[in-house]
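**Student:** What would the 3D arrangement of this be:
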Amino acid sequence: MSWPPPTELRIGLGCMRIDDDLAAETIAAAVEAGITIFDTAHAYGSEPGQNERLLAGALRACGAAGRGRIVTKGGMTRPGGAWIPDGRAKVLQADCEASLEALGGLPIDLYLVHAPDPRTPWSTTVRGLRRLLDDGLVRHIGLSNVNRPQLEEAVELAPIAAVELSLSVYDDQAVRGGMVRRCEELGIALIAHSPLGGPRRARRVAREDAQAALARLLELSPAIVPIPGARRPETARAAAAAAALPLSREASEPRPQSRRPATRADAEIVVVMGIQGAGKTRLATELVSRGYVRLNRDERGGKLRALAGALDEHLSEGASRIVLDNTYLTRASRSYVVEVAGEHGVSTRCLWLDIPLAQAQVNLVGRLIDRFGALPDPGELRRLGRREPGLLLPTHQMRSLRELEPPSLEEGFAAVERLRFVRSASADPVRAVFVAASALRTTGWREAISQADPASPHLIFDWNPDGDPAALDPLVTELGAEIAGPVQGALCAHGGGPPSCWCRPPLPGLPLAFARRHGADAGRSILIGTSPAHRTLAAALGSRYVALL
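**Tutor:** Residues are numbered from 1 along each chain as shown. Purely as a prediction, here's the structure:
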């Protein structure tokens, strides 16, 4: 590992919750015990830079200003106490400069982006991070709170030295998700934050047990650098002492490969995975008709991990064919199924339903309309979602796509089949016309309307936060005078920002609800619009797009 140097103690000190009154004494004790790595962030403390200033002052006071390896993080704001990622390059630049000022001249040995920002392209964030290195502001750069695909993209764009993730005896997701092994392969460090399970668990852990827990992490992989938090000098000394504990016999033995030979040739586990709206239920239903037992969290309730226990019970009772159709976005979430199947000598096959987000959104909206007869508003959707799994806000589905880690054979699957989504033809015979309200304010709308059957049902749709649906009435009257078919207006009055509803274009709620009411096939319809959002909406629906300026 290039960071930290192999000659240094592989345990650091997490400074986020360090006691202000005991900070100097605690950090001095850590330095005396051999700790050189100190983890902070510009967002830590009662005000930006407060924790960094505290750390810098303590390192100077104990004469370790030149030896301490300061790890700090940027790209995070805390308005009103809430943590909000901001991964724009200019924000990283400003945060880094502010950290250097707060540290009062002490160098930043490792600078991490605090968390991916869903509003900023990840490549933009990573390139902004690399610029700090290229400009000489920091010595090394790394990532915090990332998944496997984000790591893979980042290492192609910048020399990543470390990744910081939650890892403890209570949280093995970094192991199950392959992050520990991948960091080993890439030769980068994995900084394990909350290595004792977080503040609440750590307070209940005896000193000897804490040392053993830290030693287990060190034994797990040479890539791991635990950073326990310490509020008192004796805690810092105890953490450092964990590095000297002898290697256990179990930990010294080679770790088994995740892939295990199948011994029950008559049995098979099928994992159907994909984001919400990918069509997992349909595929699982087909397998059930062929004799498979279905294990689905939405049907059974409880947590996703509990399905592995149910799988174990079914296999113990002699079941030979089982399908689990759930999102399974991460390698870690899928690992429990593969592990249980392997213990029974059963192979696991993965069917990944790979679907564009827009098509999954169309599927989810159609499901909502089928279930309730209309689109629930955001408040209704939140209330319904508390008692009915699978009722999601758009942001939840978008987050799922960002978190998705594509499956691979190295997870232990006997086979991985990628099934691309193809929409089946609709049996609805009617063709509708969807007209953006802005299109009716152009001079060419009458010519555009003439391209459709005048007897077709026409929808005028618009988005106007806090607007009055009655504002569309004059447009409905004007269009109604030109055609023979029914005309209706539909307005999304919900606010901007991350979408809280399914009706704000380019989300497909308004046209789909209208099409269902009139027995129309959106894929054979026409959408007349004026903006990129309207074009995107038409593509999602499969409608022919007519652009007006």
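**Student:** domains for this protein, by residue range?
**Tutor:** 13-245, 268-420, 433-547 (automatic domain parsing).
**Student:** quick one: which of those is nearest residue 2?
**Tutor:** Closest approach to residue 2 among the domains of the chain (C-beta to C-beta): domain 13-245, 6.3 Å. C-beta: built from backbone N, CA, C; applies to glycine.
**Student:** start to end distance for the closest one?
**Tutor:** Terminal residues of domain 13-245 lie 18 Å apart, using C-alpha to C-alpha, to the nearest Å.
**Student:** tell me the mean pLDDT over that domain?
**Tutor:** Mean per-residue pLDDT for domain 13-245: 94.
**Student:** What of stretch 371-382?
**Tutor:** 91.
**Student:** What are the buried residues along it?
**Tutor:** Across stretch 371-382, burial judged by 16 or more other C-beta atoms under 10 Å covers 375-376, 378, 381.
**Student:** Same question for stretch 155-175.
**Tutor:** Neighbour count says stretch 155-175 has 155, 158, 160-169, 171, 173-175 buried, by 16+ other C-beta under 10 Å.
**Student:** same check, this time on stretch 521-536
**Tutor:** 521-530, 534, 536.
**Student:** Where strands are concerned, which of the residues you listed count?
**Tutor:** 526-529 (DSSP state E).
**Student:** Looking at the residues you listed, spot the one nearest residue 80.
**Tutor:** For those, the nearest to residue 80 is residue 529 (37.7 Å; C-beta to C-beta).
**Student:** quick one: that closest one from residue 505, how far?
**Tutor:** Distance of residue 529 to residue 505, given as C-beta to C-beta, to the nearest Å: 8 Å.
**Student:** do the same with residue 542
**Tutor:** 16 Å.
**Student:** Which one's more surrounded, the two?
**Tutor:** residue 505 (21 against 17; other C-beta atoms under 10 Å).
**Student:** Next, that one: secondary structure please.
**Tutor:** coil (DSSP: H, G, I helix; E, B strand; the rest coil).
**Student:** Now it, what are its backbone angles?
**Tutor:** phi -60, psi 140 (degrees, to the nearest 10).
**Student:** That one touches residue 533, doesn't it?
**Tutor:** Yes - at 4.9 Å, residue 505 counts as touching residue 533 under the criterion of C-beta atoms under 8 Å.
**Student:** how about the strands in the stretch 351-500 of the chain?
**Tutor:** Read by DSSP state E, counting those that start in this stretch, the stretch 351-500 of the chain holds these strands, from start to end of the chain: 415-420, 433-436, 458-463, 487-492.
**Student:** The ones you listed: which one's closest to residue 292?
**Tutor:** strand 415-420 (15.4 Å).
**Student:** Can you list the strands that that closest one pairs with?
**Tutor:** Within its sheet, and counting by DSSP bridges, strand 415-420 is paired with strand 347-354 (parallel).
**Student:** What are the contacting residues of the partner strand?
**Tutor:** 262, 267-274, 278-280, 283, 334, 337-338, 341-342, 406-407, 411-421 (C-beta atoms under 8 Å, 6 or more residues apart in numbering).
**Student:** In PyMOL, select just the buried ones from those.
**Tutor:** Listed next is the PyMOL selection for buried residues among the contacts of strand 347-354, using 16+ other C-beta under 10 Å:
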select buried, resi 262+267+268+269+270+271+272+273+274+278+279+280+283+334+337+338+341+342+407+411+412+413+414+416
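**Student:** quick revisit: identify the farthest-apart pair in the buried residues of stretch 521-536.
**Tutor:** Most distant of the buried residues of stretch 521-536, by C-beta to C-beta, are 521 and 530, 23.8 Å apart.
**Student:** what is residue 526 paired to in the beta sheet?
**Tutor:** What pairs with residue 526, by the bridge criterion (DSSP bridges), is residue 433, residue 544.
**Student:** Next: residue 348.
**Tutor:** Going by DSSP bridges, residue 348 forms beta bridges with residue 269.
**Student:** any idea how far it is from residue 485?
**Tutor:** 53 Å.
**Student:** Which one's more surrounded, those two?
**Tutor:** Each of residue 348 and residue 485 has its neighbours counted (other C-beta under 10 Å); residue 348 has more, 26 against 16.
**Student:** got the contact list for residue 165?
**Tutor:** Residue 165 touches 144-146, 173-174, 179, 190-193, counting by C-beta under 8 Å, 6+ apart.
**Student:** cool, and residue 91?
**Tutor:** Residue 91 touches 74-75, counting by C-beta under 8 Å, 6+ apart.
**Student:** Residue 62 and residue 28 touch, don't they?
**Tutor:** Yes - in this structure residue 62 lies within contact range of residue 28 using C-beta under 8 Å: 3.8 Å.
**Student:** Grab the longest helix from this structure for me.
**Tutor:** helix 357-372 (DSSP state H).
**Student:** Which positions within that helix qualify as buried?
**Tutor:** Quick answer for helix 357-372 (16+ other C-beta under 10 Å): 357, 359-369.
**Student:** Next: stretch 433-441.
**Tutor:** Neighbour count says stretch 433-441 has 433-440 buried, by 16+ other C-beta under 10 Å.
**Student:** circling back to that earlier point, now tabulate the contacts of residue 165 in TSV and tack on secondary structure and distance to residue 239.
**Tutor:** Output for the contacts of residue 165, formatted as TSV (DSSP: H, G, I helix; E, B strand; the rest coil; distance: C-beta to C-beta, whole Å):
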residue	secondary structure	distance to residue 239
144	strand	20
145	coil	22
146	coil	25
173	helix	22
174	helix	19
179	helix	23
190	strand	17
191	strand	14
192	strand	12
193	strand	13
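**Student:** Need the CA coordinates for stretch 65-81. PDB is fine.
**Tutor:** Below are the C-alpha coordinates for stretch 65-81, written out as PDB (Å, rounded to 0.1, in the frame of the first residue of the first chain):
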ATOM      1  CA  ALA A  65       2.900  18.900  13.700                       C
ATOM      2  CA  GLY A  66       5.400  17.500  11.300                       C
ATOM      3  CA  ARG A  67       4.600  13.800  11.900                       C
ATOM      4  CA  GLY A  68       0.800  13.700  11.900                       C
ATOM      5  CA  ARG A  69      -0.900  12.500   8.700                       C
ATOM      6  CA  ILE A  70      -4.000  14.600   8.600                       C
ATOM      7  CA  VAL A  71      -7.000  13.100   6.700                       C
ATOM      8  CA  THR A  72      -9.700  15.600   6.000                       C
ATOM      9  CA  LYS A  73     -12.800  15.700   3.800                       C
ATOM     10  CA  GLY A  74     -14.700  18.200   1.700                       C
ATOM     11  CA  GLY A  75     -17.800  18.400  -0.500                       C
ATOM     12  CA  MET A  76     -20.400  18.400   2.300                       C
ATOM     13  CA  THR A  77     -22.500  21.100   3.700                       C
ATOM     14  CA  ARG A  78     -24.700  21.100   6.900                       C
ATOM     15  CA  PRO A  79     -27.500  23.700   6.600                       C
ATOM     16  CA  GLY A  80     -29.600  23.400   9.700                       C
ATOM     17  CA  GLY A  81     -27.500  20.400  10.900                       C
END
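**Student:** Flag every buried residue along it.
**Tutor:** Neighbour-count burial for stretch 65-81 flags 65, 68-76 (criterion: 16+ other C-beta under 10 Å).
**Student:** List the residues that contact the nearest residue to residue 25 once chain neighbours are set aside.
**Tutor:** Sequence neighbours aside, residue 233 is the residue nearest to residue 25 in space, at 5.1 Å (criterion: C-beta to C-beta, 6 or more residues apart in numbering). Applying C-beta under 8 Å, 6+ apart to residue 233 gives the contacts 22, 25-26, 28-29.
**Student:** same thing but 10 Å
**Tutor:** 22, 24-30, 32-33 (C-beta atoms under 10 Å, 6 or more residues apart in numbering).
**Student:** follow-up on the earlier one: show me the common contact partners of residue 505 and residue 533, please.
**Tutor:** Joint contacts of residue 505 and residue 533 (C-beta under 10 Å, 6+ apart) are 436, 463.
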